[in-house]
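Asks: Here you go, sequence then predicted model.
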Amino acid sequence: MAEPILTVEHLIKAYGETPVLDDISFAVKPGEVIVVVGPSGCGKSTLLRCLNGLEPTQSGRVRLGNETVAYGGKNLTQLRQRIGMVFQSYELFPHMTVLDNVLLAPTKVQKRPKAEVQQEAEALLDRVGLLAKKNSYPRELSGGQKQRVAIVRALCMHPEILLFDEVTAALDPEMVREVLDVMLDLAKQGKTMIIVTHEMQFARAIANRVIFLDGGKIVEEAAPAEFFDRPKTERAQRFLRTFTFDAVK
């Protein structure tokens, strides 16, 4: 049995007196795809930010292998290189070309040879259908194209786990599919991923396990068929009734 690549233990996060995450615990094994779903404001995006050390927590622990990931931790820069994160807002540098955006972190942070990284970057851009756009600037790309560039940028860092925070939320409907197809391809390659999404059909297709958050707590955790077809809690049942599923009435 493979050891977990990421372990979350009794994580508690609050903004002032307002609790956001309340005693969150789960583990992720190599190659596993975890999808986190729940209503807006339930703590999904905050959870991802805590996993990457972008937010301080009040108690609990996040471990990547045997190392603790903590906001302000002395080894945080090195650990973040092992945890890739793709944001809803792309976070591309507008004054840099697509290729330069992708090359920046591997060459400057990881000190890898530019020629080596460029070869890998161009292969990845080709895989997501964007090699012809390598010399374009972000303003010249559609939202779906920008998001695919952001995914390539994360992959070029060779992360052990990828975090996706509502990466299709800002996209027009016709652009959503092209991004989801890239993520499905990553799952088939065995990439370890934690995905926050409102795309329920996609969640069902890609997840090994679904975590349902509400009010900062894990209300339900199950395999996708069990969660979508036979949700155990009344809260999960109500949540799923807001979507269109043949199996959920």
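Replies: That came through fine. Numbering: from 1, shown residues only.

Asks: which parts of the lengthiest helix in the chain are buried?
Replies: Taking DSSP state H as the assignment, the helix of the chain that covers the most residues is helix 173-188. For helix 173-188, burial by neighbour count (16 or more other C-beta atoms under 10 Å) applies to 175-176, 178-180, 182-183, 186-187. Just so you know, the C-beta spots here come from the backbone N, C-alpha and C atoms, and that holds for glycine as well.

Asks: Quick one, which of the residues you listed has the minimum pLDDT?
Replies: Note: of the buried residues of helix 173-188, the lowest pLDDT belongs to M175, at 87.

Asks: Excluding chain neighbours, what is closest to it?
Replies: Leaving out its chain neighbours, the residue that sits closest to M175 by C-beta to C-beta, 6 or more residues apart in numbering is G144, at 3.2 Å.

Asks: What strand or helix carries the one you found?
Replies: Here G144, judged by DSSP states H and E, is contained in helix 143-155.

Asks: Pop out the phi and psi values for the closest residue to V62 other than its chain neighbours.
Replies: Excluding its sequence neighbours, the residue lying closest to V62 (C-beta to C-beta, 6+ apart) is V69, at 4.4 Å. Dihedral angles phi and psi of V69 (degrees, to the nearest 10) take the values phi -100, psi 120.

Asks: wait, V69 sits on G60?
Replies: No. In this structure, V69 sits apart from G60 without contact. The criterion is C-beta atoms under 8 Å, and the distance is 11.3 Å.

Asks: who has more neighbours, the two?
Replies: Neighbour comparison, V69 and G60: the larger count goes to V69, with 23 against 16 (by other C-beta atoms under 10 Å).

Asks: That one and Q237: what is the separation?
Replies: V69 sits 34 Å away from Q237, taking C-beta to C-beta, to the nearest Å as the criterion.

Asks: on that earlier part again, what helices or strands is the longest helix of the chain leaning on?
Replies: Here helix 173-188 touches helix 143-155, strand 193-196, helix 200-206, going by 3 or more C-beta pairs under 8 Å, 6 or more residues apart in numbering; DSSP states H and E.

Asks: Just put those in TSV and tack on mean neighbour count.
Replies: Listed next are the helices and strands packed on helix 173-188 as TSV, based on neighbours: other C-beta atoms under 10 Å:
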stretch	mean neighbour count
helix 143-155	23
strand 193-196	24
helix 200-206	18
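
Asks: need the helices for this structure, in chain order.
Replies: If you assign secondary structure with DSSP H, the helices in the chain sit at 44-51, 76-80, 98-108, 114-127, 143-155, 173-188, 200-206, 224-229, 234-240.

Asks: Between those helices, which one is closest to F87.
Replies: Of all those, it is helix 143-155 that lies closest to F87, at 7.1 Å by C-beta to C-beta.

Asks: Give me the distance from the closest one to the chain's centre.
Replies: Its chain's C-alpha centre lies 12 Å from the corresponding centre of helix 143-155 when counted by C-alpha atoms, centre = their mean, to the nearest Å.

Asks: could I get it in CSV with only the CA atoms?
Replies: Taking Å, rounded to 0.1, in the frame of the first residue of the first chain, the C-alpha atoms of helix 143-155 are listed here in CSV:
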residue,chain,number,x,y,z
GLY,A,143,-9.5,32.5,-21.3
GLY,A,144,-9.3,28.8,-22.0
GLN,A,145,-5.9,29.3,-23.7
LYS,A,146,-4.6,31.3,-20.7
GLN,A,147,-5.7,28.5,-18.3
ARG,A,148,-4.0,25.9,-20.4
VAL,A,149,-0.8,27.9,-20.3
ALA,A,150,-1.2,28.2,-16.5
ILE,A,151,-1.4,24.4,-16.3
VAL,A,152,1.7,23.9,-18.5
ARG,A,153,3.5,26.4,-16.3
ALA,A,154,2.7,24.4,-13.2
LEU,A,155,3.7,21.1,-14.9
